[in-house]
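# Sequence below, structure please.
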Amino acid sequence: MSDSTYPSSAAQATAAPVLGKRSAHIVVVDDKEIVRNFLSEVLVLAGHRVSLLSDGEKALELLADEVAEVVLTDLRMEPLSGQELIRRLKEVSPTTVPVVLTGYGSVERTVELMRMGAFDVLTKPCRATEILATIEKALAHHEALNSNDDLRRRLDAQEGKSQHVQEKLAMIGKLAAGVAHELNNPLDATLRCVRMSKDRVRGDAELAEYLDLAHAGLLRMADIVQSLLTFSREAAVEQAPQRLDDLVGEAITGVALALGNAAPRMSQDLHPSVAGVPVPRGLHQVVTNLLRNASDATEGRGVIRVRGRLLGDRLVLEVQDTGSGIPADVLPRVFEPFFTTKDPGKGTGLGLPISARLVEKFGGSMSIECPASGGTIVTVSLPAARYGLDSPRENS
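You can find the predicted model right below:
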């Protein structure tokens, strides 16, 4: 196609060009000046900012430094063709949308160009209204690409954070396992020596009291070691099935006996559809940990309620207390290993992380919320189908 057959101005192309709906930076690449001038007049009149270039290499150099929403390019150019420009555009500016304007259009050619990455193909000569309509569609496509790219970056960033957390947890787990194994044997031997000594000093009340204190401290150390082993995932998790109502009842009884007069009022409210569901015996440790935490929060004066129900396709178990709740700045950290708000000597900061890991092993998840009405609700959510509940429904 010769320069003389191309419209010399936007006014010749159409009496009333359609203005674009949004302003954008459009890069026009064509080796013919009359074509560049025509396209510039059309696009500027529609409110766009236009960069005019005579070859693809210059266009790539520009796009490496500046953002452009659309590239409107010819095909037959030297030294870089329009096809090569489209191919390399993906590397330089992947969200810039390429539109081809060519005098050698055909169905086969159009299909080939769109496979290469062209958004659309216009055949010369074309009216300004057609060009602007195509640019509008290309801009909408650019917005979609930009949104996807932004979402991808956020997901990558989140994945990077998650990976960092997982690596940190793995490192802590290995350290915990090593320390626990090193302490286990000497701790066990020391406990035996203290027990034997207690049997031999029955006549010395003061010495017996000292040994009792030492024995209690060693038992606490043994409990911490066991927690470290569990946290490191090396301890076996009991998978033998047990009825949910029996498991919850046993946990409540165990915590109540351990706390004695300091125990708060505890009750269970399990819907009949889930009361007899066989769940892993290892869930007992989770419920016990949650009841102990709730007991500490209520300071023996509140109420703890364990509620179980079927919610959609999830078996949901909630432990709710009437304590003071968890401060908003602390709530995001409650599942961090070794993080605790309890007084020194009263918590290892491993109870909730261990519980969350156990629940994950059972295919579920754990969450915590503090409603405006007060207290704390810890929710354990398990896949209903995995535990023999195949009919999704909701029980209140």
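# For residue 83, see how far away residue 351 is.
63 Å (C-beta to C-beta, to the nearest Å). All C-beta spots, glycine's among them, are computed from the backbone N, C-alpha and C.
# Strands along the stretch 251-396 of the chain, start to end?
265-270, 278-280, 303-312, 314-321, 365-369, 376-383, 393-394 (DSSP state E, counting those that start in this stretch).
# in this structure, which segments are predicted with low confidence?
1-22, 105-108, 148-182, 184, 220, 223-238, 337-350, 390-396 (pLDDT under 70).
# Can you give me the domain assignment for it?
21-126, 157-231, 241-394 (automatic domain parsing).
# Include distance to residue 139 when you put these into JSON lines, please.
What follows is the domains of the chain, written out as JSON lines (distance: least, C-beta to C-beta, whole Å):
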{"stretch": "domain 21-126", "distance to residue 139": "6"}
{"stretch": "domain 157-231", "distance to residue 139": "27"}
{"stretch": "domain 241-394", "distance to residue 139": "40"}
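# Of all those domains, which one comes closest to residue 138?
Among the domains of the chain, domain 21-126 comes nearest to residue 138, with 4.3 Å by C-beta to C-beta.
# More neighbours: which of residue 351 and residue 83?
Legend: neighbour count by other C-beta atoms under 10 Å for residue 351 and residue 83, higher for residue 351 (22 against 19).
# Can you tell me, leaving aside adjacent residues, what's nearest to that one?
Excluding the flanking residues, the one nearest residue 351 by C-beta to C-beta, 6 or more residues apart in numbering is residue 289, at 4.5 Å.
# How about the contacts made by that neighbour?
351-352, 354-355 (C-beta atoms under 8 Å, 6 or more residues apart in numbering).
# can you check residue 264 too?
Contacts of residue 264 by C-beta under 8 Å, 6+ apart are 294-295, 298, 300-304, 321.
# Got the phi and psi for it?
Phi and psi for residue 264, reported as degrees, to the nearest 10, are phi -80, psi 180.
# Please name the nearest non-neighbouring residue to it.
That would be residue 298: by C-beta to C-beta, 6+ apart, it lies 4.5 Å from residue 264.
# ok, now residue 77?
Per C-beta to C-beta, 6+ apart, closest to residue 77 is residue 31, 4.8 Å.
# which phi and psi does the nearest residue to residue 30 once chain neighbours are set aside have?
Spatially, and ignoring its direct neighbours in sequence, residue 30 is nearest to residue 74 (4.3 Å; C-beta to C-beta, 6+ apart). Dihedral pair for residue 74: phi -80, psi 170, per degrees, to the nearest 10.
# Alright, that wraps it up for me.
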